[in-house]
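> Attaching a predicted model along with its sequence, questions to come.
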Amino acid sequence: MAQDVAAEYHPTFNAPDADTVLSSLDGTLYRLPSSSFTFERNCKPIPIHERDVVLERLLQIISGLAIPPWRTVDDLEGVLKLAGIWGARGVVDVVRASITTPMFLRGPPRVYAIATRFGWEEQAELASRHALELSLHEEQHQEALRQIPMCALVRLFKFHQKRQDEFRAALVWRMFWEMDARPSGERLCSLEVEEWEETERCLGEKCGRCGWAVYERLEVLERVWLSCRILSGA
């Protein structure tokens, strides 16, 4: 009783005819009917080892109430964790529908980690495509990558490598084709090479962090020109 007096009941979850009380890590009490959940009637508050931001949102979803916009991916993972403990499948489905919103896809490695752990293939594929904008080897992504199951992590890196290999092959084969058409390399040394779609994609790539070009345009074109000069014996 002392805890009931000292603690504060949540204004939304304080039904007078409820017979079960949950207590969050923040000390907030949630009075609920036991018939709505798998809890037994209990005169003492049942401790739930989650903060209000997680417990409140999960109860809102279960009760069919409007839920406010998600704040962070940590909140989302907390709701997923508690929903798994409670066996609240409907809550998991709501989270699954929310995880690919733009605010979460700004951090695709974290979304990919969650999606692969739960076997959400469609969401994992979308997150992997958004991850193409990132350099996965940067330190800021390492914590999220450690949360990804090994098979899924290998698949993600292979996807990145496949894109790189296909691009390199396309650019190199375009150069081979030009050399085959005119072995002197004259066309590779002309301004025409700058108009290639492959060249523009390569030399137009920018760093996701600073916005600067990844490759120095003049330096790359000069190397191509020098290579042609060496091959032609000039």
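Cool, got the structure.
> Which other helices and strands does the lengthiest strand in the chain contact?
Longest strand of the chain, by residue count under DSSP state E: strand 9-14. Judged by 3 or more CB pairs under 8 Å, 6 or more residues apart in numbering; DSSP states H and E, the packing partners of strand 9-14 are strand 29-32, helix 52-62. Heads up, the C-betas are built off the backbone N, CA and C, glycines and all.
> Go again with 7 Å.
strand 29-32 (3 or more CB pairs under 7 Å, 6 or more residues apart in numbering; DSSP states H and E).
> Can you pull out the residues in contact with the strand it packs on?
For strand 29-32, the surrounding residues in contact (CB atoms under 7 Å, 6 or more residues apart in numbering) are 4, 7-10, 13-15, 18, 20-23, 45, 55, 59.
> From those residues, list the buried ones, please.
10, 13, 18, 20-23, 45, 55, 59 (16 or more other CB atoms under 10 Å).
> any chance of those in TSV, with pLDDT and distance to residue 122 too?
Shown next, in TSV, are those (pLDDT from 0 to 100; distance: CB to CB, whole Å):
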residue	pLDDT	distance to residue 122
10	90	35
13	88	33
18	81	38
20	84	37
21	88	39
22	90	33
23	91	37
45	78	40
55	95	29
59	94	28
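> Tell me the one of the residues you listed nearest residue 108?
Closest approach between these and residue 108, by CB to CB: residue 55, at 27.8 Å.
> so the closest one touches residue 48, yeah?
Yes: here residue 55 reaches residue 48: they are 5.5 Å apart, a contact under CB atoms under 7 Å.
> what sits in contact with each of the two?
Counting by CB under 7 Å, 6+ apart, the common neighbours of residue 55 and residue 48 are 22, 24.
> For residue 192, give its distance to residue 199.
Plainly put, residue 192 is 10 Å away from residue 199 if you go by CB to CB, to the nearest Å.
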